[in-house]
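A.B. asks: no sequence on this one, just coordinates:
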Ligand SMILES: C[C@H](O)[C@H](O)[C@H]1CNC2=NC(N)=NC(=O)C2=N1
């Protein structure tokens with residue numbers, strides 16, 4: 001799968017609230033009520049990532065979750081990253 005151009009990425013991001021293009025990845029930062037809520041969402045994302053065989057680069061500190069999505073095999077952002085971002089949005093909204 002081929003990496004998208006920055007122009008394509010910025011254009012597609014117009015349909016995504018709360019995501020930006022940062023360090024050659026799609027990026028979002030989420031804050032939850034508490035650690036359990038954050039970890040619950042991480043667990044649900046993990047199952048979706050496994051189904052997609054597409055995995056996030058993420059960091060959790062207490063009630064915050066920072067997610068970076070890129071496609072290692074393509075060395076950039078691809079449609080799969082947007083697919084997983086859309087799934088994550090459904091899980092958190
Ligand atoms: C072997 C395995 O299918 C590949 O390494 C998959 C796993 N998950 C992945 N996740 C992401 N974000 N990018 C990949 O290129 C990728 N490749």
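C.D. replies: Done, it's in. Just so it is clear, the model here is predicted, and its values are computed rather than measured.
A.B. asks: buried ones in stretch 78-92?
C.D. replies: For stretch 78-92, a neighbour-count test (16 or more other C-beta atoms under 10 Å) marks 78, 80, 81, 82, 84, 85, 87, 88, 92 as buried. Heads up, the C-betas are built off the backbone N, CA and C, glycines and all.
A.B. asks: so which residues on this protein come close to the ligand?
C.D. replies: 53, 54, 55, 71, 72, 73 (C-beta under 6 Å from any ligand atom).
A.B. asks: in TSV: those residues, plus secondary structure and pLDDT.
C.D. replies: Converted to TSV, the residues of the chain next to the ligand look like this (DSSP: H, G, I helix; E, B strand; the rest coil; pLDDT from 0 to 100):
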residue	secondary structure	pLDDT
53	coil	98
54	coil	98
55	coil	98
71	strand	98
72	helix	97
73	helix	96
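A.B. asks: what average pLDDT does stretch 7-21 get?
C.D. replies: Averaging pLDDT along stretch 7-21 yields 97.
A.B. asks: just the endpoints, please. Distance across it?
C.D. replies: End-to-end distance of stretch 7-21 (C-alpha to C-alpha, to the nearest Å): 11 Å.
A.B. asks: give me the contacts around it.
C.D. replies: Contacting residues not belonging to stretch 7-21 are listed as 4, 6, 26, 27, 28, 30, 77, 82, 85, 86, 89 [C-beta atoms under 8 Å, 6 or more residues apart in numbering].
A.B. asks: report the mean confidence score over whichever strand or helix holds residue 66.
C.D. replies: Assessed by DSSP states H and E, residue 66 sits inside strand 64-69. Across strand 64-69, the average pLDDT comes to 98.
A.B. asks: name the residues of that strand that are buried.
C.D. replies: Residues of strand 64-69 classed as buried by neighbour count (16+ other C-beta under 10 Å): 65, 67, 68, 69.
A.B. asks: mind checking the SS state of residue 47?
C.D. replies: Here residue 47 is recorded as helix under DSSP: H, G, I helix; E, B strand; the rest coil.
A.B. asks: what is the burial count for it?
C.D. replies: 10 (other C-beta atoms under 10 Å).
A.B. asks: this completes my enquiry, with thanks.
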